[in-house]
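Engineer: one predicted model, sequence on top.
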Amino acid sequence: MHKIISYATSANVGPGFDCIGLCLSVFNTFIFSEFDDAVIINNNADTIKNKENLIVKSFYAAAEILGKKFKGLKINVKSNIPLSRGLGSSAACITAGVAAAYLLSGQTPVKSDLYEISAKIEGHPDNVAPNIFGAGTVSYISEGKYKCMGFKVSDKYKFLALIPDFKLSTQKAREILPDMINREDVVYNLSRVNLLISALQYGNDDLLREALDDKLHQPYRCQLINRYEDVIKICKKCGAIGTYISGAGPTVMAVVNDEITPKIITKKIAEASIPWRSELMKVNNEGLECFKLN
Ligand code: HSE
């Protein structure tokens, strides 16, 4: 029996479209064991309980790569990561499934192998990399292989996830993006993504305030998020350093450096009758964790 802790993530982080990601402190817990017969998933979230489940599919995809066959699988899941809200719930399931295939095959999962297999299944490495390696990550593809560079995030920063009461599929959030981007917008993002990594690492609030701006995805995706403008205005007025759409949305992340601002933002959002909930998160530096239980 093996226990896996798989963390929420926040991809893009403003200008870092499809490449920057952060590992967050909220996590799902999975307990995997071999089973004679059917796949059983006990879950406290609305995950589909059959073989099409992403955890199960990822497990069997990795088992095939490892040349192992499993008749059945028992998985106990405790889900804390909100589904389809731009907080990496899919990546968390995929990496857990892939790691479990290694563990139940008697092999120690090496993080770089987990990353390669999981990123292929996910399609976008920017949620997978921080989930596996922890902290901040810049993911990229080189000679057909997924690679990444990690960076630390100053622990003065906290991330207030403002989570809408509706889901947004990544597919829909990608369909709204234009096929062509003009050069000025690319340069706008390139400059800010460089600022972003330094600002997060060294805890430079003034730089971070400028660095979170984006022209590649947020101006399009915000149209899919009801009450987006109201939420942004509240965050700014209450003193958030900046905001960005987490992953493909719809969660809006407010970056703060104190304990009081998140409380004020949460209160003001409720007072404005915006039916979103908030959850204060910090960056997790460990990434995916595996434990043998017996
Ligand atoms: N970078 C991806 C996107 C994250 O923004 O579409 C979602 O997988």
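Structural biologist: Received it, and whenever you're ready, just let me know what you need. Quantities reported herein were computed from a predicted structural model and do not represent experimental measurements. Numbering: from 1, shown residues only.

Engineer: can you read off the pLDDT for the residue nearest to Thr9 when sequence neighbours are not counted?
Structural biologist: With sequence-adjacent residues excluded and distances taken as Cβ to Cβ, 6 or more residues apart in numbering, Thr9 is closest to Gly88, at 3.3 Å. C-beta here means a position set from N, CA and C on the backbone, and glycine is covered the same way. Model confidence at Gly88, expressed as pLDDT, equals 96.

Engineer: count of neighbours near Gly88?
Structural biologist: The number of residues packed near Gly88 is 32, by other Cβ atoms under 10 Å.

Engineer: and the strands in the protein?
Structural biologist: Taking DSSP state E, the strands of the chain run over residues 2-11, 20-35, 40-42, 72-78, 136-142, 145-151, 158-163, 242-245, 252-256, 277-281, 289-292.

Engineer: so for the fourth one, mean pLDDT?
Structural biologist: Okay, so that is strand 72-78. Strand 72-78 comes out at a mean pLDDT of 89.

Engineer: ok, that strand: who's next to it in the sheet?
Structural biologist: The pairing partners recorded for strand 72-78 under DSSP bridges are strand 20-35 (antiparallel), strand 40-42 (parallel).

Engineer: out of the ones you listed, deepest packed?
Structural biologist: strand 20-35 (a mean of 22; mean count of other Cβ atoms under 10 Å).

Engineer: are that strand and the ligand in contact anywhere?
Structural biologist: No. Counting by Cβ under 6 Å from any ligand atom, the ligand has no neighbours in strand 20-35; the shortest distance is 8.0 Å.

Engineer: any idea how far that strand is from the chain center?
Structural biologist: Centre-to-centre, strand 20-35 and its host chain are 11 Å apart (Cα atoms, centre = their mean, to the nearest Å).

Engineer: need the CA coordinates for it. CSV is fine.
Structural biologist: Extracted C-alpha coordinates of strand 20-35, given in CSV (Å, rounded to 0.1, in the frame of the first residue of the first chain):
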residue,chain,number,x,y,z
ILE,A,20,5.7,29.2,-15.4
GLY,A,21,4.1,27.3,-12.6
LEU,A,22,3.9,27.4,-8.8
CYS,A,23,3.4,24.4,-6.4
LEU,A,24,0.8,25.3,-3.8
SER,A,25,0.2,24.1,-0.2
VAL,A,26,-3.2,22.5,-0.9
PHE,A,27,-3.0,18.8,-1.8
ASN,A,28,-4.9,15.6,-2.6
THR,A,29,-4.0,12.4,-0.7
PHE,A,30,-4.1,9.0,-2.6
ILE,A,31,-3.7,5.6,-1.2
PHE,A,32,-3.0,2.9,-3.8
SER,A,33,-3.0,-0.8,-3.5
GLU,A,34,-3.2,-3.8,-5.9
PHE,A,35,-6.7,-5.4,-6.0
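
Engineer: that strand vs strand 158-163, what angle?
Structural biologist: With axes from the mean of the first three to the mean of the last three Cα atoms, to 10 degrees applied, the angle from strand 20-35 to strand 158-163 works out at 70 degrees.

Engineer: rounded mean pLDDT for strand 20-35, please.
Structural biologist: On average, strand 20-35 scores 95.

Engineer: do the same with stretch 170-181
Structural biologist: So the average pLDDT for stretch 170-181 ends up being 96.

Engineer: what does the chain put close to the ligand?
Structural biologist: So the chain meets the ligand at Ala11, Asn12, Asp18, His124, Asp126, Asn127, Thr170, Ala173, Arg174, His217, Gly247, Ala248 (Cβ under 6 Å from any ligand atom).

Engineer: 5 Å - rerun?
Structural biologist: Ala11, Asp18, His124, Asp126, Thr170, Gly247, Ala248 (Cβ under 5 Å from any ligand atom).

Engineer: what about this structure, any weak spots by pLDDT?
Structural biologist: Low-confidence segments of the chain, defined by pLDDT under 70, span residues 37-38, 42-52.

Engineer: tell me the bridge partners for the closest residue to Phe291 other than its chain neighbours.
Structural biologist: Distances taken as Cβ to Cβ, 6+ apart put Lys3 closest to Phe291, at 4.5 Å, once the chain neighbours are dropped. Lys3 has these beta-bridge partners by DSSP bridges: Ile31, Phe291.

Engineer: show me what contacts Lys3?
Structural biologist: Thr29, Phe30, Ile31, Cys290, Phe291, Leu293 (Cβ atoms under 8 Å, 6 or more residues apart in numbering).

Engineer: any chance of the residues you listed in TSV with distance to Asp213 as columns?
Structural biologist: As requested, these are arranged in TSV below (distance: Cβ to Cβ, whole Å):
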residue	distance to Asp213
Thr29	36
Phe30	37
Ile31	42
Cys290	38
Phe291	41
Leu293	46
